[in-house]
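> coords please:
(one chain, ligands or ions: 1)
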Amino acid sequence: MLLSEVVQTPMYTVDLSVLQNESERVIERMQELSVIEIPVLNEGYWAGVFRMLPQCSSSCNDKGIWIPDAPCLCDQTEISDIHIPVGYHVIGVVNQQNQFVGVVHAADLQNMIHQMYREALERSRQLDAIIDHAYDGIFIADALGYVTRVNPSFCRLAGVPEESFVGVHLTELVRNGTFKEPSITWKALQERREVIGVQRYPTGQEHLVSAVPIINETGKVQGVVSTIRDMTELSKLREELSMVQYQSQRFQSELSTLRKRVLTDEIIAISPQMRKVMELAGRVANFDSTVLILGESGVGKEVVASFIHKSSARSEGPFIKINCGALPEELLESELFGYESGAFTGAKKTGKIGLFEAAEGGVIFLDEIGEMSPALQVKVLRVLQEQEFTRVGGIDPIQVNCRIIAATHRNLQERIQMGLFREDLYYRLYVVPIHIPPLRERREDIPALIQYFLNKYNQKYGTQKIIHPVVIQILQNSPWPGNVRQLSNLIERMVVTIPDSLITQNHLPHDFLDLQNQSAIPSANTLKQIQNEMHKADDFTNCANSRGSLNAFDEMERDLIIQSLLRYGSIRKVGQALGVSHTTVIKKMKKYGIERIRKV
Ligand SMILES: Nc1ncnc2c1ncn2[C@@H]1O[C@H](COP(=O)(O)OP(=O)(O)OP(=O)(O)O)[C@@H](O)[C@H]1O
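So this is what the prediction gives:
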């Protein structure tokens, strides 16, 4: 604070000539005002102080003393810089042109300085507390480059005690090896500007330093205050942040993939069980691990396998599906691994690449792996372990980069017990198992599946069928041994066979209702047998790439032939029962691949 801010107009001033000629009158006036010192001016300039003597009385002749060299201060003086002159009550104040502007009383000045001192002390205590408790390191150097203060955080970060810094010159800290060059604080001092940089230590530690020079109002650098933060912690935080960002991006993309798939109605997953399956499938999609999908026939194993492929980094690569249970061993081997020219009679001259090679960069889906022969299992195991195989009739190993997803409706552990499945292959496949529960255990999915298939087949056949809620209720309570595939087939069949727009309870096919009541089926074993046969037929036709052309009528016809064959045992009897010639039965069996099944 400047003196000009506290200067007062005196109650009384006297001109030097008046004092010299009329001192009696001056004394009287001073007595009236009860002041013992007054400023004496000479034509407006400070001339000194006239002081009334203590023993002064009306009888006394020598009543006062003029002190020409009494103290006088410039009004631009900082109050905190003033040394109060002893023995004076009144101190004159002049401006920079030396003209008198007023007075300050010594006692007021003293109080003011005390007050300022107390405030400064309090501020200094607060500042000490801030500096000492700051999380960041603080390092202060004076204008000459000597360290004046460091806080405990700085000593902790540097691993060096306070004594090693305070009083030491910044250049010395570099010379004695405490800092590695350059000293950021020294740079800020020399360049008179804020410098942010990394201060390195011989220990390998690195601190991020922000050094700010303190420049006063006259433009003079008074020192440098540097704040220090440990880079190792920063790097850790940065790593954590990028990890969190990465995870959040991954979750976002997983979520959007899942949403896309589920919301585009390609996969219905309403039940908690099916949602769990899809979540797991989405998660494993990002890793190249082997996946084994387990579940009854028709639950959606292929759907999930294809979802994993589409959601993975291999989505641009091929998705090759092969049903291992639908082909005889030799055929399956040459399909999977390919063959060299002349490998066997009937082989192409040029040889043929196998599905493993065709799946390069993508995914191979080995459906019904439980049906694969032990000899082929060895070859698949080699692919899993060494990512290589040899073609049939070949000797050179071929490297392959494809992800394997396998599926089965079998209990593989039981098959291991029976000696039909290799335990080592089982454990190689069982890296990430995904169990898809049968439809009867996740009935919440049924209404949505019905709607999905209804839309799908309405679109396919250009119809606008709707289903009565009672039918939905009946279907929701059905056992669905054939799972989602059976439901899909039933909806397709009803869409194409029922002439009315509204599908009611009365439209439900008899065989479906029979299956419901289990009355049409002589025993549970026979039912299973029929289903197995139907399933095999599916596999065969699928393999022969004809499944796509099967419509609901075809399915019905095929089922009828299979059931009749099981019931009557011979083609002739089937022909008689169905009222067609036995050659028609043979033709139909050929069409649906039933002939092959009987041979298997
Ligand atoms: N959650 C689902 N949402 C929509 N359609 C589904 C769903 N699950 C299965 N499907 C449909 O049901 C049919 C059978 O599914 P999929 O072929 O994937 O079963 P699977 O378990 O692989 O059968 P299999 O063991 O006989 O090979 C397919 O038409 C498929 O599109």
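> Okay, now the sheet partners of the host helix or strand of Ala211, with direction.
Secondary-structure element containing Ala211, defined by DSSP states H and E: strand 206-215. Sheet neighbours of strand 206-215, with direction, are listed as strand 195-200 (antiparallel), strand 221-230 (antiparallel) (DSSP bridges).
> where exactly do the helices run in the stretch 1-150 of the chain?
Along the stretch 1-150 of the chain, the stretches classed as helices by DSSP state H, counting those that start in this stretch are 16-21, 23-33, 106-133.
> how far away is Asp487 from Arg29?
Check again: residue 487 is Leu, not Asp. Distance check for Leu487 against Arg29: by C-beta to C-beta, to the nearest Å, it reads 119 Å. Backbone N, C-alpha and C define where each C-beta goes, glycine included.
> can you pull the pLDDT of the residue positioned nearest the centre of the chain?
By C-alpha atoms, centre = their mean, the chain has its centre lying nearest to Ser248, at 2.2 Å. pLDDT, the model's per-residue confidence, is 72 for Ser248.
> quick revisit: for Leu487 and Arg29, indicate the residue with more neighbours.
Leu487 (21 against 15; other C-beta atoms under 10 Å).
> Hmm, that one is touching Arg443, no?
No. When contacts are counted by C-beta atoms under 8 Å, Leu487 is not listed as touching Arg443 (11.2 Å).
> if we can go back for a sec, save the helices of the stretch 1-150 of the chain as a markdown table, and put in distance to Val383 and mean pLDDT too.
What follows is the helices of the stretch 1-150 of the chain, written out as a markdown table (distance: least, C-beta to C-beta, whole Å; pLDDT from 0 to 100):
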| stretch | distance to Val383 | mean pLDDT |
| --- | --- | --- |
| helix 16-21 | 118 | 90 |
| helix 23-33 | 115 | 90 |
| helix 106-133 | 64 | 90 |
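> who are the neighbours in contact with the residue of the stretch 251-400 of the chain found nearest the ligand?
Shortest the stretch 251-400 of the chain-to-the ligand distance, computed as C-beta to the nearest ligand atom: residue-wise this is Gly300, at 2.6 Å. Gly300 sits next to 267, 436, 483-484 when contact means C-beta atoms under 8 Å, 6 or more residues apart in numbering.
> re the thing from before, in what helix or strand does the residue nearest to the centre of the chain lie?
When secondary structure is defined using DSSP H and E, the element that contains Ser248 is helix 231-263.
> what's the next secondary structure element after that helix?
Downstream of helix 231-263, the first helix or strand assigned by DSSP H and E is helix 272-285.
> for that next one, packing partners?
The elements that helix 272-285 packs onto, with contact taken as 3 or more C-beta pairs under 8 Å, 6 or more residues apart in numbering; DSSP states H and E, are helix 231-263, helix 301-311, strand 432-435.
> quick one: that helix to helix 301-311, angle?
If you take axes from the mean of the first three to the mean of the last three C-alpha atoms, to 10 degrees, helix 272-285 sits at 40 degrees to helix 301-311.
> Buried residues of helix 272-285, list them for me.
Within helix 272-285, the residues scored as buried using 16 or more other C-beta atoms under 10 Å are 273-275, 277-278, 280-285.
> just those residues now: which is nearest Gln451?
Checking the buried residues of helix 272-285 against Gln451 with C-beta to C-beta, the nearest one is Met274 at 15.2 Å.
> What is the neighbour count of the residue of the stretch 1-150 of the chain found nearest the ligand?
With C-beta to the nearest ligand atom as the measure, Tyr135 is the residue of the stretch 1-150 of the chain nearest to the ligand, at 53.7 Å. When neighbours are counted by other C-beta under 10 Å, Tyr135 registers 7.
> again, but for the one 10 residues further on
Taking other C-beta under 10 Å as the neighbour definition, Gly145 ends up with a count of 19.
> Backbone dihedrals for it, both of them.
As for Gly145, its main-chain torsions (degrees, to the nearest 10) stand at phi 100, psi 10.
> who are the neighbours in contact with it?
The contact partners of Gly145, by C-beta under 8 Å, 6+ apart, come to 169-171, 186, 189.
> Also within reach of the ligand: list those from those.
Among these, no residue sits close to the ligand (C-beta under 6 Å from any ligand atom).
> Strands - which of those residues land there?
Taking DSSP state E, every one of those sits outside strands.
> Now pLDDT and neighbour count too, for the residues you listed, in a markdown table please.
Shown next, in a markdown table, are the contacts of Gly145 (pLDDT from 0 to 100; neighbours: other C-beta atoms under 10 Å):
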| residue | pLDDT | neighbour count |
| --- | --- | --- |
| His169 | 94 | 16 |
| Leu170 | 93 | 27 |
| Thr171 | 92 | 13 |
| Trp186 | 93 | 21 |
| Leu189 | 94 | 23 |
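> Among these, find me the one that's closest to the ligand.
Checking these against the ligand with C-beta to the nearest ligand atom, the nearest one is Trp186 at 69.7 Å.
> Which positions in this structure make contact with the ligand?
Within the chain, the residues that sit near the ligand (C-beta under 6 Å from any ligand atom) are 267-269, 295, 297-303, 367, 409, 452, 484-485, 488, 535, 538.
> Now list the buried members of those residues.
Neighbour counting by 16+ other C-beta under 10 Å classes 267-269, 295, 297-303, 367, 409, 452, 484-485, 488, 535, 538 among the residues of the chain next to the ligand as buried.
> what sits against Cys231?
Small correction: residue 231 is Met, not Cys. Contact criterion C-beta under 8 Å, 6+ apart gives 198, 205-208 as the residues in contact with Met231.
> Kindly recompute the last result at 6 Å.
Contacts of Met231 were listed using C-beta atoms under 6 Å, 6 or more residues apart in numbering, and they are 206, 208.
> number of nearby residues for Pro318?
Using other C-beta under 10 Å, Pro318 has 15 neighbouring residues.
> Renumber starting at 59 from here on
With the count now opening at 59, the last piece we talked about shows up as Pro376.
> Could you check what's spatially nearest to it, not counting adjacent residues?
Spatial nearest neighbour of Pro376, chain neighbours left out: Gly420 (3.8 Å); criterion: C-beta to C-beta, 6 or more residues apart in numbering.
> pretty sure the one you found contacts Glu374?
No. Under the criterion of C-beta atoms under 6 Å, Gly420 lies out of contact with Glu374, with a separation of 8.0 Å.
> Between the two, which has more neighbouring residues?
Gly420 (19 against 8).
> Can I get the one helix or strand Gln435 maps to in PDB? Just the C-alpha atoms.
Using DSSP H and E, the element containing Gln435 is helix 432-444. Taking Å, rounded to 0.1, in the frame of the first residue of the first chain, the C-alpha atoms of helix 432-444 are listed here in PDB:
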ATOM      1  CA  PRO A 432     -11.400 -91.100 -34.600                       C
ATOM      2  CA  ALA A 433      -9.000 -91.200 -37.600                       C
ATOM      3  CA  LEU A 434     -10.200 -87.800 -38.800                       C
ATOM      4  CA  GLN A 435     -10.300 -86.500 -35.200                       C
ATOM      5  CA  VAL A 436      -6.500 -86.900 -35.200                       C
ATOM      6  CA  LYS A 437      -6.100 -84.800 -38.300                       C
ATOM      7  CA  VAL A 438      -8.400 -82.100 -36.800                       C
ATOM      8  CA  LEU A 439      -6.400 -82.200 -33.600                       C
ATOM      9  CA  ARG A 440      -3.200 -81.500 -35.600                       C
ATOM     10  CA  VAL A 441      -4.800 -78.500 -37.200                       C
ATOM     11  CA  LEU A 442      -5.800 -77.200 -33.700                       C
ATOM     12  CA  GLN A 443      -2.300 -77.800 -32.300                       C
ATOM     13  CA  GLU A 444       0.000 -77.000 -35.200                       C
END
